[in-house]
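Peer 1: Need a 3D model of the following:
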Amino acid sequence: MKPSSQPTNQETAKKISSFFCTSHILRAPDKTTLQLILDWGKKNNVVLKFSKELASFSNMPEAAPEDEAIFLRESAEMILVFGGDGTIISAVRNYADYNLPFAGINFGNLGFLTTADPKNMLSVFEHLKNGIYCLENRMMLNVSVKREGEEVFSCDVLNEVAMQRLLLKKAAKIDVYISGTHVSSYEGDGVIFATPTGSTAYALSAGGPIVPPWVNLILISPLNCHTLAVRSVLTSEDEIITATLENPYSELILVLDGQKGYELKTGDQVEVKKSKKNCRTVITDNGNFFDILRRKMGWG
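Peer 2: All right, here's what the predicted structure looks like:
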């Protein structure tokens, strides 16, 4: 069953005539497929330019723009991501500053965030060219680290940020506050702070709830806490969450979308809040979030 009204995180689409294409090199299409995509672009008067990494890996340097940043800022209208969910998440972190929509072509495994599969990608390109799609705005989180009062690290994530203890180290004790109010002291393997998009990723594995992407909030899920009384917490997108490591015998790492890390020190203050950026995701089929959840994740 679809929601009774259109989710408030959707926006009107427009016809696309210029794409920037990127991929993880281990998930990249072969050269024959990439040439097929370029030929489709020439036939349909659509500009397709590859990232430097994709052009180099496929040995097609002529497909890359002379200046990638200028092309993204002045010419590109959409970013095509070839790969799986991890590739899309990485691309969002790398290119969210340009405020362009993302369309994923699933050359990975699950493809929960992707728009199309290789077998139907050309027909999806036609839809994108003609403006037959929807855009879904997904909130992101900004995480920063203050050390002795000074900011030493900052990053925006699509899925989640986890304060996670290093292997074989003492259990972590993390004090968490929501807009200055003490929530809990989590003692265990760490804490996850997730977006609605991230609710179906690491936070789900930790026992957190499933949250539709149009319900903007921040999810706090403990990791293997040493008590039965601790549960996940949902709070407003407008709150600012702070967390500190209180156990000097433990070591924590800040894990960003499961892909990047930043080592924390005792006394560091981690601040998590809604990012000023968002992820504009392309939707082309009629299935809604729960349809995809059942079909791709075997839920329900």
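
Peer 1: Now do the strands in the stretch 201-300 of the chain.
Peer 2: Using DSSP state E, counting those that start in this stretch, the strands of the stretch 201-300 of the chain run over residues 217-223, 233-236, 241-245, 252-256, 260-263, 269-283.

Peer 1: Check the stretch 51-200 of the chain too.
Peer 2: Under the criterion DSSP E, counting those that start in this stretch, the stretch 51-200 of the chain carries strands at the ranges 78-83, 102-106, 134-147, 150-157, 160-165, 172-178, 181-188, 190-194.

Peer 1: Pull the residues that contact the fifth one.
Peer 2: Counting contacts by Cβ atoms under 8 Å, 6 or more residues apart in numbering, the residues outside strand 160-165 that touch it are 141, 143, 155, 171-172, 174, 189-195, 198, 201-203, 223, 243, 245, 250-258, 264, 270, 272. In short, each C-beta sits where N, CA and C put it, glycine included.

Peer 1: can you rerun that using 6 Å?
Peer 2: 143, 172, 174, 189-194, 198, 202-203, 250, 252-253, 255-256 (Cβ atoms under 6 Å, 6 or more residues apart in numbering).

Peer 1: re earlier: so which of the strands of the stretch 201-300 of the chain gets nearest residue 116?
Peer 2: Set against residue 116 and scored by Cβ to Cβ, the strands of the stretch 201-300 of the chain come closest in strand 269-283, at 9.0 Å.

Peer 1: circling back: winner for burial among the strands of the stretch 201-300 of the chain?
Peer 2: By mean neighbour count, with neighbours taken as mean count of other Cβ atoms under 10 Å, strand 217-223 ranks first of the strands of the stretch 201-300 of the chain at a mean of 23.

Peer 1: State the paired neighbours of that strand in the sheet, together with their directions.
Peer 2: Strand 217-223 pairs in its sheet with strand 190-194 (antiparallel), strand 233-236 (antiparallel), by DSSP bridges.

Peer 1: now it: how far from the chain's centre is it?
Peer 2: Put simply, strand 217-223 sits 16 Å off its chain's centre (Cα atoms, centre = their mean, to the nearest Å).

Peer 1: Scan the chain for its longest helix.
Peer 2: Counting by DSSP state H, the longest helix found in the chain is helix 31-43.

Peer 1: What angle do strand 78-83 and that one make with each other?
Peer 2: Regarding helix 31-43 and strand 78-83, their directions subtend 160 degrees when assessed with axes from the mean of the first three to the mean of the last three Cα atoms, to 10 degrees.

Peer 1: Go through helix 31-43 and flag the buried ones.
Peer 2: Using 16 or more other Cβ atoms under 10 Å as the test for burial, helix 31-43 gives 33, 34, 37, 38, 40, 41.

Peer 1: so what does the lowest-mean-pLDDT helix or strand in the chain touch, helix or strand wise?
Peer 2: In the chain, no helix or strand scores lower on mean pLDDT, DSSP states H and E than strand 10-11, which sits at a mean of 73. Under the contact definition 3 or more Cβ pairs under 6 Å, 6 or more residues apart in numbering; DSSP states H and E, strand 10-11 sits against strand 134-147.

Peer 1: From residue 184, how far out is residue 176?
Peer 2: Per Cβ to Cβ, to the nearest Å, residue 176 is found 6 Å from residue 184.

Peer 1: same check, this time on residue 275
Peer 2: 24 Å.

Peer 1: Many thanks, have a good one.
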